[in-house]
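In: just coords:
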């Protein structure tokens with residue numbers, strides 16, 4: 001029984017049992033997994049998409065092998081994060097709407113803890129509800145039960161395939177630890193697991209020169225994992241819709257050595273996985289789409305969901321995204337097919353667009369921080385800071401496509417500039433992922449004046465003024481054809497590509 005899924009049989013994310021067995025054996029043979037242990041697939045991080053992806057693998061393969069003899073699927077997340085009472089109440093409501101889930105939880109004695117949490121008599125943690133099939137960032141859609149491991153070494157030590165879904169801001173710290181664990185087991189990185197990253201976002205670094213690091217680049221840098229063993233899986237997809245069985249596609253990007261067998265393994269009836277060799281364009285686009293999705297949400301809220309205004313914004317956003325990828329990639333894939341579809345669905349729907357709508361309606365404020373209860377980390381916020389810092393750095397210059405003058409790239413990226421202005425409140429808000437509480441502690445420790453509490457009505461009025469400034473900036477940006485002003489017709493000639501901006505992501509050892 002596929003718990004918590006009320007879809008008709010034709011929409012179930014599943015496959016024939018014999019086909020599932022054949023796929024497992026084929027991948028075991030391909031990876032040369034010893035016969036005396038299972039193929040170990042481990043998820044690192046448990047946000048909505050990471051949890052759904054691991055749940056799909058558990059449903060398609062793990063649940064068919066309950067003794068974990070041929071394949072074992074598990075997921076790591078930190079223990080101890082307490083679920084607030086409001087979320088606990090929502091959880092119980094969701095549970096009670098799924099008879100199969102009620103039956104399962106009652107049979108294993110877990111139902112009563114959700115009742116107790118609802119009335120405040122017990123605290124729930126994110127790792128324990130994940131074991132029952134609930135992701136704290138997506139409680140409205142029960143998943144299948146998952147094997148959750150909270151000890152990082154236990155989770156990754158014997159892994160064959162690692163699915164990284166950590167926010168890009170956490171990837172470096174966690175994979176530094178993982179690299180040390182694997183090095184203790186075997187110092188040769190060529191023997192380590194394959195890594196498939198679902199993570200979006202970038203780091204901007206200035207040493208030895210300004211450049212960005214994508215999640216796979218970060219993992220490569222801190223672990224010395226060969227690039228050939230690192231892959232990126234991009235959309236278009238929305239986590240909850242994929243889990244509900246809506247037809248979706250993704251692209252697995254990476255080396256010829258591994259991507260095709262893995263793409264075939266991940267594929268199911270309603271989740272089609274294509275493959276492609278271009279990692280950098282897809283990863284950069286994966287980070288950029290979250291940036292521009294925030295702006296789409298702001299425009300949607302500010303214009304009362306006007307389709308025409310949204311289309312104008314989409315045109316500007318796409319032009320800037322293409323320009324940026326041509327700066328960062330020698331032979332970028334076209335913004336078409338899956339890349340365009342991924343951009344479209346993210347600007348239309350998803351947590352970053354939702355966050356933008358909250359900002360546009362002055363229901364949330366940038367100073368509230370990028371962590372939103374029930375939504376998790378809004379990754380477009382830190383990505384905005386990363387791209388802005390890189391493309392406005394004094395050492396990063398391009399020739400203006402019309403005048404030939406040396407200019408900063410940010411000068412021809414008005415949408416990105418305006419997004420940074422509104423998210424940073426003109427430089428007064430820290431766009432890193434630190435919580436407001438930690439920022440306040442740091443400010444007080446450093447002797448800064450505590451932030452003055454503003455009258456809510458005044459705060460809202462100022463926020464809406466900033467929203468109007470953003471809308472006005474988008475009107476100004478649309479005064480001329482963005483494709484013409486960015487000279488996109490010349491980009492295919494490679495005239496804007498700057499290898500120094502991304503090369504550190506993919507330098508092989510000794511290069």
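Out: That came through, no problem. Since the model is a prediction, treat every value here as computed from it, not as a measurement.
In: if you count neighbours, what's buried in the helix or strand hosting residue 129?
Out: For residue 129, the host element (DSSP states H and E) is helix 126-131. For helix 126-131, the neighbour count (16 or more other C-beta atoms under 10 Å) marks 126, 127, 128, 129, 130 as buried. Using the backbone N, CA and C atoms, a C-beta is placed for each residue, glycine as well.
In: likewise stretch 409-417?
Out: 409, 410, 412, 413, 414, 415, 416, 417.
In: on that earlier part again, and the helix holding residue 129, what does it pack onto?
Out: strand 82-83, strand 148-149 (3 or more C-beta pairs under 8 Å, 6 or more residues apart in numbering; DSSP states H and E).
In: please redo it, this time with the cut-off set to 7 Å
Out: Contacts defined by 3 or more C-beta pairs under 7 Å, 6 or more residues apart in numbering; DSSP states H and E place helix 126-131 against strand 148-149.
In: averaged pLDDT, the helix or strand just after the strand it packs on. What do you get?
Out: Later in the chain than strand 148-149, the nearest helix or strand by DSSP H and E is helix 152-156. For helix 152-156, the mean per-residue pLDDT is 97.
In: equivalent analysis for stretch 164-174, please.
Out: pLDDT averaged over stretch 164-174 gives 93.
In: list the buried ones in it?
Out: Burial within stretch 164-174, assessed by neighbour count using 16+ other C-beta under 10 Å, is assigned to 164, 165, 166, 167, 168, 169, 170, 171, 172, 174.
In: now stretch 224-242: buried residues?
Out: Across stretch 224-242, burial judged by 16+ other C-beta under 10 Å covers 225-227, 229-240, 242.
In: between these, which is closest to residue 188?
Out: The closest of the buried residues of stretch 224-242 to residue 188 turns out to be residue 226 (C-beta to C-beta; 10.0 Å).
In: ok, now how distant is that closest one from residue 254?
Out: The spacing between residue 226 and residue 254, counted by C-beta to C-beta, to the nearest Å, is 11 Å.
In: same question, residue 44
Out: 17 Å.
In: same check on residue 465?
Out: Distance, residue 465 to residue 254, using C-beta to C-beta: 46 Å.
In: for this structure, list the residue farthest from the centre, please.
Out: Computed with C-alpha atoms, centre = their mean, the residue of the chain farthest from its C-alpha average is residue 403, at 37.9 Å.
In: give me the pLDDT value at that residue.
Out: Value for residue 403, per-residue pLDDT: 74.
In: likewise for the one 5 residues further on?
Out: Confidence per residue is given as pLDDT, and for residue 408 that number is 90.
In: got it, and residue 430?
Out: At residue 430, the pLDDT value in this model is 65.
In: need the helices for the stretch 101-250 of the chain, in chain order.
Out: Counting by DSSP state H, counting those that start in this stretch, the stretch 101-250 of the chain has helices at residues 111-118, 126-131, 152-156, 168-185, 215-223, 239-243.
In: need those in TSV with distance to residue 317, can you?
Out: Below are the helices of the stretch 101-250 of the chain laid out as TSV (distance: least, C-beta to C-beta, whole Å):
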stretch	distance to residue 317
helix 111-118	41
helix 126-131	33
helix 152-156	37
helix 168-185	20
helix 215-223	22
helix 239-243	22
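In: out of these, which is closest to residue 280?
Out: Relative to residue 280, the nearest member of those by C-beta to C-beta is helix 215-223, separated by 8.4 Å.
In: same for that closest one, what does it pack against?
Out: Helices and strands touching helix 215-223, by 3+ C-beta pairs under 7 Å, 6+ apart, are helix 168-185, strand 194-197, strand 230-234, helix 279-302.
In: indicate which one of these is closest to residue 57.
Out: The minimum distance between residue 57 and the helices and strands packed on helix 215-223 falls on strand 194-197, with 10.8 Å, by C-beta to C-beta.
In: list the neighbouring strands of the closest one plus their orientation.
Out: The strands beside strand 194-197 in its sheet (DSSP bridges) come out as strand 161-164 (parallel), strand 230-234 (parallel).
In: residue ranges in the stretch 351-500 of the chain under the pLDDT threshold?
Out: Residue ranges of the stretch 351-500 of the chain with pLDDT under 70: 401-402, 427-428, 430-452, 482-500.
In: just the strands in it please.
Out: With DSSP state E, counting those that start in this stretch, the ranges of strands along the stretch 351-500 of the chain come out as 371-372, 376-377, 398-399, 406-407.
In: ramachandran angles for the closest residue to residue 182 other than its chain neighbours?
Out: Once flanking residues are discounted, residue 182 sits nearest to residue 192: 4.9 Å by C-beta to C-beta, 6 or more residues apart in numbering. Backbone torsions of residue 192, given as degrees, to the nearest 10, read phi -80, psi 170.
In: can you pull the contacts of residue 192?
Out: By C-beta atoms under 7 Å, 6 or more residues apart in numbering, residue 192 lies in contact with 182, 225, 229.
In: nearest to residue 247 among those?
Out: Taking C-beta to C-beta as the measure, residue 247 lies nearest residue 229 of the contacts of residue 192, at 30.3 Å.
In: which among the helices and strands packed on helix 215-223 is found nearest to residue 66?
Out: strand 194-197 (24.4 Å).
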